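Trainee: Take a look and give me a structure for this.
(one chain, ligands or ions: 2)
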Amino acid sequence: MFEGMVHMSRNYITEVNDINIGPLQLESGATIPSVSLRYERVGPVGAPVVLICHALTGNHVTIGNNEEPGWWSGLIGHRLAIDTTKYQVITFNVLGGCNGSTGPLSINPNNNRPYGKNFPNITIRDIVHAQYLALKRLQVDEVFAVVGGSLGGMQVLEWGLLYSNIVNRLIALAVTPTLSDYGIAYNYISEQSIISDPAWNNGDYNSPSEIRGLEIARMIGMVTYRSAELFHERFGRAESSDGFSVTSYLKYQGEKLASRFDPNSYLTLLQAMNSHDIGRDRGGWKEACKKYTCPILAISYEYDLIYDPNSIAEFASHTPNATYHHVSTKFGHDGFLTEFEKWSWMVQQFLES
Ligand SMILES: CC(=O)SCCNC(=O)CCNC(=O)[C@H](O)C(C)(C)COP(=O)(O)OP(=O)(O)OC[C@H]1O[C@@H](n2cnc3c(N)ncnc32)[C@H](O)[C@@H]1OP(=O)(O)O
Ligand SMILES: N[C@@H](CCO)C(=O)O
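Mentor: Ligands and ions are numbered 1, 2, ... in the order given. Here you go, the predicted model:
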């Protein structure tokens, strides 16, 4: 699907486009003078809107097309669990991202240079607020469901507290009510890996693909997104002339991310994840849980190192109208991006309930 492309029949819309929401005041008090969000929108005109929130390195291309399927094309589409014959599905590239929305790669109108490392600190609430304003511009005043995992799940939880008046259902995957200290610790190691790389050059680098610190950050991430069991099953200490198979896999994943992601955007989003705490200024997370008014489906994934299944179960037990499911998987945290046959039925059932 090409950016800016719109196919609109009388009854059905398929588009990737940008929407400008003007200046955005952040939770910190700072203002970004002009914010634009890129989005993908697919589904029948006038159908109930399902808003999808992507994870750390995801983007707005959730469904994609036959040539380039999106990252959730196994879950969302024609007659799939999130059925694009019934729902109009909208995904925004997040504020602070690097796939078309305003972020560190964007030009700062105050000096006509890319923001780079001077992009302001943002929070999950800022990301959600920007989406809310964008939906208003798109004349969407009711959201049937908000769905997302990990960083996307953080947005789902905030949607249910910031804009409960327009949301009917929440589906929060692989996410806890606060980012754990363990999660913050791994984010710190990733951040240090990037900023201590001389090629990062204090955020003023030549090309992201030169920044080995980003590759290493991705390797660290990949180890936390999977499980020891999965690695053992896949790699079994196999070796080639390049060394262990598992190390060649991590090298490949590191290089792949560095070829598609902006390091300053990665840093911005890690810092936004660290801010995640539904209880901030709401009397703590257990008090915040009591404020949810719509039904919530919370799903945890076995071996998720960062978003502990027990914490997700505890969140659900404190939240009125929450349904909790646990998925058995060796994929760990990345379970929300894989093995849809194991859990997509829960999503479908919840949307139809
Ligand atoms: C929701 C979000 O925001 S995240 C966005 C989705 N993420 C992405 O698209 C990028 C990250 N990708 C992923 O996380 C994964 O591909 C998933 C979760 C989507 C799917 O996971 P898996 O099917 O387990 O893929 P896996 O992690 O094994 O990666 C496979 C790749 O590693 C390569 N690979 C596998 N073993 C090795 C090895 N020993 N040495 C080198 N490369 C290897 C494969 O060739 C394959 O390459 P390709 O991606 O170019 O086709
Ligand atoms: N695989 C996911 C993990 C973070 O939730 C990503 O790359 O965004």
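Trainee: contacts, neighbours, all on C-alpha from now
Mentor: OK.
Trainee: Roughly how far does the most far-flung residue of the chain relative to its centre sit from ligand 2?
Mentor: Within the chain, Ser241 marks the point farthest from the mean C-alpha position, 36.6 Å out by CA atoms, centre = their mean. Here the criterion is CA to the nearest ligand atom, to the nearest Å. By it, Ser241 lies 28 Å from ligand 2.
Trainee: residues in contact with Asn99?
Mentor: Arg38, Asn59, His60, Asn93 (CA atoms under 8 Å, 6 or more residues apart in numbering).
Trainee: any idea whether the closest residue in space to the last one that isn't next to it in sequence is helix, strand or coil?
Mentor: Taking CA to CA, 6 or more residues apart in numbering as the measure, Asn93 lies nearest to His60, with 4.4 Å between them; neighbours along the chain are not counted. Three-state secondary structure (criterion: DSSP: H, G, I helix; E, B strand; the rest coil) places His60 in coil.
Trainee: Now for His60, how many residues are close by?
Mentor: Close neighbours of His60, defined as other CA atoms under 10 Å, add up to 27.
Trainee: which residues touch it?
Mentor: If you count contacts by CA under 8 Å, 6+ apart, then His60 has Arg38, Tyr39, Glu40, His54, Thr91, Phe92, Asn93, Val94, Asn99 around it.
Trainee: mind checking pLDDT for it?
Mentor: Here the pLDDT value assigned to His60 is 97.
Trainee: How about Asn206?
Mentor: In this prediction Asn206 is given a pLDDT of 84.
Trainee: That one looks like it's in a helix, true?
Mentor: No - counting by three-state DSSP, Asn206 is not part of a helix but coil.
Trainee: now the helices for the stretch 151-300 of the chain?
Mentor: Here the stretch 151-300 of the chain has its helices, by DSSP state H, counting those that start in this stretch, at 151-162, 181-195, 212-225, 228-235, 245-258, 263-274, 285-289.
Trainee: which of those is buried the deepest?
Mentor: With neighbours taken as mean count of other CA atoms under 10 Å, the helices of the stretch 151-300 of the chain reach their highest mean count in helix 151-162, at a mean of 26.
Trainee: Show residues contacting it.
Mentor: With contacts defined as CA under 8 Å, 6+ apart, helix 151-162 is touched by 52-56, 124-125, 127-128, 146-148, 167, 170-177, 273, 276, 278, 288, 291-294.
Trainee: okay, now the closest residue to ligand 1 within the chain: neighbour count?
Mentor: The chain approaches ligand 1 most closely through Gly58 (2.8 Å), counting by CA to the nearest ligand atom. Counted with other CA under 10 Å, residues neighbouring Gly58 total 20.
Trainee: could you measure it against Ala228, distance?
Mentor: Using CA to CA, to the nearest Å, Gly58 is found at 24 Å from Ala228.
Trainee: Close to ligand 1: what parts of the protein are there?
Mentor: For the chain, the residues in contact with ligand 1 (CA under 6 Å from any ligand atom) are 54-58, 71, 245-246, 248-249, 252, 334, 337-338.
Trainee: picking that back up, export the helices of the stretch 151-300 of the chain as TSV, with columns for mean pLDDT.
Mentor: Below are those laid out as TSV (pLDDT from 0 to 100):
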stretch	mean pLDDT
helix 151-162	98
helix 181-195	98
helix 212-225	98
helix 228-235	98
helix 245-258	96
helix 263-274	98
helix 285-289	98
